[in-house]
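Novice: structure, please.
(chains A and B)
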There are 2 protein chains.
Amino acid sequence: MGKVRVESFSISLDGYGAGAGQDLANPMGAGVEDLHGWAMTTPTFRRMVFGQDGGAQGVDEDFAQRGFRNIGAWILGRNMFGPVRGPWPNLDWRGWWGENPPYHVPIFVLTHFPREPLVMEGDNVFQFVTGGIHEALRLAQAAAGDKDVRIGGGVQTIREYLAEGLIDEVHLAVSPVLVGQGEHLLAGLDLPKLGYKVAQHVQGVATHVVLTKG
Amino acid sequence: MGKVRVESFSISLDGYGAGAGQDLANPMGAGVEDLHGWAMTTPTFRRMVFGQDGGAQGVDEDFAQRGFRNIGAWILGRNMFGPVRGPWPNLDWRGWWGENPPYHVPIFVLTHFPREPLVMEGDNVFQFVTGGIHEALRLAQAAAGDKDVRIGGGVQTIREYLAEGLIDEVHLAVSPVLVGQGEHLLAGLDLPKLGYKVAQHVQGVATHVVLTKG
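Specialist: Next up is the predicted model:
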C-alpha cells in the first residue's frame, strides 16, 4: 500500500493555512493573497492554475512536481470542492477547476450530504463520501492501489487526518507572509507526540518543510 | 529615541517559543533541545553561552551579531531572569549567567514583587520593575538614550508588547524542529492588523524572518 501524503500545502509564518471569511469570491478567505506566491513562480502551478507557460525552475518547482508524482487518488474536504454548504441544492456546482480538473485520478470528497459521483473529463471522477475520514481513506487507498493518496486539504481535513496519525508525509511551504487570523494548521496538534519529525528543510521562495511520521 | 527590538528569538515550525514544564533543570521547558541549534553554530552565542571559540560565519552569525548592535537597554520577563516564582524568598538568585552577564547595559526585569537593583560585573545592573510593561519600556528607553531597547523575552513578555504594538522590529529564527506543546509565540495575535509585515526572509540553519511595524 502506498503512503498518505500532503503536498505543497502553504501556511503563513504565523501558521495559517486559510484566512477568515471564506466565500465564493475568496475561497481561501481574506488576507491570503501572497500565501501561494511561491507556487505561482513554478511552471507546474502556472500551467495548472492559469494555463500559462513560464515560471522558474528550482527548489519550488521541484516540490510542486514532487507533489503530483505517484499519486493514485486524492481526498478533499468539501470546502476544497466548492463553496456550497449544507445539502446540495442542485448539481450545478462542479468544482473550481472547469471541465477537466487537474487530478486525473479518483477524487474522494468528504461531505455530510450524499451525492452521485461526478464524472468529468480527463479521468476525473469525484466521489462523495459521507462515512467520515477513515472511510474516505479506505476508498482512496483501494482506488490508488500501490500508489499514494494525496490529501489536498483544506486545513480542517488535514488536521483531522493528522490528529489520527493517518498521514505519512507532509510537505509544508511556509510562505514569508503574515495572515493574522483564519484557520491555523497546527494549533493544538502535538506533532512530536503523534510521531512526526522534520525530515527536510529547504529554502526556495517559500521555506519547504517535509514532516514524516515514525 | 531608538527602536524597540526583539532579536534572535527562536520559534519552532509549529510556532512555539518555549516548551511545557519549565523548571530549574529545563528553563525553556521540555522538547526544545534543538530550538536554539542554529545559535549554537554561531561564534557569538558559542562564546556567550559556553565561553568557547569556534562556530561558523554566515547568515546565522550575521543575525546573532546584529542582535547586539546599538542596544542601550534590555527588558526581560521575570522567568527569563530565573526560575523563582512569587515573592523573592531571598536574594540568592542572581540570574542564569554567572557574575558577568552578557548584557553590559541596564536590564529591566518585569516582576510583581519589588526587589532592590542588582549590580553585577561588566556594567550589568538589573532593575526590577513592578509597574508593568509600559513602565518598564519608559525606564528602558530613558536608560538607552538614542540607542535601541531589546526585549529579550520570554514568550509571554513579547506577546504583551506585540499586542500593544510597542515593538518596532522582530527577528525570529524559525528552527526546523517541532515542539508540540508549550508557549506559542503568535497564537491569537493578528500581526497584520497590528501593523506588522515581513521585511526580510533569509535561510541559514534557521529561517530568519524580520517583521517590522508600520
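Novice: and chain A, which of its residues are near chain B?
Specialist: Chain A comes close to chain B at residues A:13-15, A:31, A:172, A:174, A:176-181, A:184, A:186-187, A:189-193, A:196-198, A:201, A:203, A:207, A:209, A:211, as judged by CB under 8 Å from any CB of the partner chain. Bear in mind the C-beta positions are built from the backbone N, C-alpha and C, glycine included.
Novice: which secondary element of chain A has the worst mean pLDDT?
Specialist: Using mean pLDDT, DSSP states H and E, strand A:207-213 stands out as the lowest-scoring helix or strand of chain A, at a mean of 86.
Novice: next, the buried residues of that one.
Specialist: In terms of neighbour count (16 or more other CB atoms under 10 Å in any protein chain shown), strand A:207-213 has its buried residues at A:207-211, A:213.
Novice: quick one, phi psi at the residue most central in space within chain A?
Specialist: Closest to where the C-alpha atoms of chain A average out (CA atoms, centre = their mean) is A:G152, at 2.1 Å. The phi and psi values for A:G152, taken as degrees, to the nearest 10, are phi -80, psi -20.
Novice: what of A:L178?
Specialist: With angles defined as degrees, to the nearest 10, A:L178 sits at phi -110, psi 140.
Novice: and it, how many neighbours?
Specialist: Close neighbours of A:L178, defined as other CB atoms under 10 Å in any protein chain shown, add up to 24.
Novice: also the one 3 residues further on?
Specialist: Using other CB under 10 Å, the number of residues around A:Q181 comes to 19.
Novice: tell me where chain A has helices.
Specialist: For chain A, the helices defined by DSSP state H occupy A:43-45, A:59-66, A:78-81, A:133-144, A:155-163.
Novice: before we move on, the earlier item: now the residue nearest to the centre of chain A. Nearest residue, chain neighbours left out?
Specialist: Residue nearest to A:G152 in three dimensions, not counting chain neighbours: A:L76, with 4.7 Å by CB to CB, 6 or more residues apart in numbering or on different chains.
Novice: the residue nearest to the centre of chain A contacts A:I75, correct?
Specialist: Yes - using CB atoms under 8 Å, A:G152 makes contact with A:I75 at a distance of 6.8 Å.
Novice: and of the buried residues of strand A:207-213, the nearest to chain B?
Specialist: For chain B, the closest of the buried residues of strand A:207-213 turns out to be A:T207, at 4.7 Å, with distances computed as CB to the nearest CB.
Novice: please report how far that closest one lies from A:V198.
Specialist: 11 Å (CB to CB, to the nearest Å).
Novice: measure A:V84 to B:L35 for me?
Specialist: Separation of A:V84 from B:L35 (CB to CB): 43 Å.
Novice: ok, A:Y16 next?
Specialist: As for A:Y16, its distance to B:L35 is 22 Å (criterion: CB to CB).
Novice: which of those two has more neighbours?
Specialist: For A:Y16 versus B:L35, neighbours defined as other CB under 10 Å are more numerous around A:Y16 (28 against 23).
Novice: now do the contacts for that one.
Specialist: With CB atoms under 8 Å, 6 or more residues apart in numbering or on different chains as the criterion, the residues that contact A:Y16 are A:32, A:35, A:179-185.
Novice: among the residues you listed, name the ones in strands.
Specialist: Counting by DSSP state E, the part of the contacts of A:Y16 found in strands is A:182-184.
Novice: now do the least confident helix or strand of chain A against helix A:59-66, angle only.
Specialist: Interaxial angle, strand A:207-213 versus helix A:59-66 (axes from the mean of the first three to the mean of the last three CA atoms, to 10 degrees): 40 degrees.
Novice: list the strands paired with strand A:207-213, with their directions.
Specialist: Looking at strand A:207-213 with DSSP bridges, its paired strands and their directions are strand A:169-175 (antiparallel), strand A:196-203 (antiparallel).
Novice: angle of it against helix A:155-163?
Specialist: Compare the direction of strand A:207-213 with that of helix A:155-163 by the same axes, to 10 degrees and you get 40 degrees.
Novice: per-residue confidence for A:A199?
Specialist: pLDDT recorded at A:A199 is 94.
Novice: count the neighbours of it for me.
Specialist: For A:A199, which is what you asked about, the neighbour count (other CB under 10 Å) is 14.
Novice: and what of A:G82?
Specialist: A:G82 is surrounded by 17 other residues when neighbours are defined as other CB under 10 Å.
Novice: so it is in contact with A:W96, correct?
Specialist: Yes - using CB under 8 Å, A:G82 is in contact with A:W96, at 6.7 Å.
Novice: list the residues that contact the residue nearest to A:A18 when sequence neighbours are not counted.
Specialist: The spatially closest residue to A:A18, leaving aside those adjacent along the chain, is A:E183, at 4.3 Å (CB to CB, 6+ apart). By CB under 8 Å, 6+ apart, A:E183 lies in contact with A:16-19, A:29, A:154-156.
Novice: can you pick out the most distant pair from the residues you listed?
Specialist: A:G19 and A:Q156 (13.9 Å; CB to CB).
Novice: looking at these two, which has the bigger crowd around it?
Specialist: Taking A:G19 and A:Q156 together and counting by other CB under 10 Å, A:G19 has the greater number of neighbours (20 against 17).
Novice: the more buried one pairs with what?
Specialist: Beta-bridge partners for A:G19, by DSSP bridges, are A:G182.
Novice: what's the spacing between it and A:V205?
Specialist: Noted for A:G19: a distance of 20 Å to A:V205, by CB to CB.
Novice: now do A:R138
Specialist: With distances defined as CB to CB, the gap from A:R138 to A:V205 amounts to 37 Å.
Novice: look at these two and report which has more neighbours.
Specialist: For A:R138 and A:V205, the more surrounded residue by other CB under 10 Å is A:V205, and the numbers stand at 19 against 13.
Novice: that one: what's it in contact with?
Specialist: With CB under 8 Å, 6+ apart as the criterion, the residues that contact A:V205 are A:37-38, A:41, A:60, A:175-176.
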